[in-house]
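Trainee: got a structure for you, letters missing:
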């Protein structure tokens, strides 16, 4: 439902969590560009290529495994018929989750071209940890690291045309696209502001979650309830 509404409104790029979600988007929006934020098993390299999806790379080991799997897949295709597999470099600028760690000066260690044979990097992105808190100094530090890393990567031929994005809903409200090529609107798509401090008065909830009430119990104070009490 979301893909159909956004596609009809003119959106041409989507970010999803899994390969299965990417294939759902492709069915509804055949011409869309689709970025997979999560990890796809390397053995699914053929499905990634056939769907023309952009797969995120989070570690050197994963990049090498995906490259090897894709090269093996490409050998089975007629010569000259296989385009490179589209990928995105995920940077960790301070979130502490998936991604290649970025130093304060923008330095980042990425796999060599040989380790990424068959893979074309079309995007470079990161994610803020505290953009919904204007008082946090982390957002400015992370944006500085990201911008420095993107500048350095763009100096290399294999990354020169990679588009960049770091803002999700909170960042988009505060910084627009932060001088990047795109932004990844998430929570705000459904009409919710990221926090009381970072909000848009014009947002209205676009969905409602309801469920039947199945039981009401009264228990004495201190009564253990649920897993682990």
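Mentor: Cool, got the structure. Quick caveat, the model's predicted, so the values are computed rather than measured.

Trainee: Give me the distance between the most centrally placed residue in the chain and residue 168.
Mentor: By C-alpha atoms, centre = their mean, the chain has its centre lying nearest to residue 37, at 3.7 Å. Separation of residue 37 from residue 168 (C-beta to C-beta, to the nearest Å) stands at 11 Å. The way it works is simple: take the backbone N, C-alpha and C, and place the C-beta from them, glycine included.

Trainee: swap in residue 72?
Mentor: Residue 72 is 35 Å from residue 168, by C-beta to C-beta.

Trainee: Comparing the two, which shows the higher neighbour count?
Mentor: Legend: neighbour count by other C-beta atoms under 10 Å for residue 72 and residue 168, higher for residue 168 (20 against 14).

Trainee: Surely the more buried one touches residue 182?
Mentor: No. Between residue 168 and residue 182 there is no contact under C-beta atoms under 8 Å: 11.2 Å.

Trainee: can you give me the helices in the protein?
Mentor: All helices of the chain, identified by DSSP state H, fall at 2-8, 19-28, 45-50, 60-75, 138-154, 169-175.

Trainee: Identify, out of these, the most deeply packed stretch.
Mentor: Burial of the helices of the chain is given as mean neighbour count (mean count of other C-beta atoms under 10 Å); helix 169-175 ranks first at a mean of 22.

Trainee: For that one, enumerate the helices and strands it packs against.
Mentor: helix 138-154 (3 or more C-beta pairs under 8 Å, 6 or more residues apart in numbering; DSSP states H and E).

Trainee: Tell me where the model's unsure across the chain.
Mentor: Within the chain, no range satisfies pLDDT under 70.

Trainee: Name the residues of stretch 188-205 that are buried.
Mentor: 188-189, 192-194, 198, 203 (16 or more other C-beta atoms under 10 Å).
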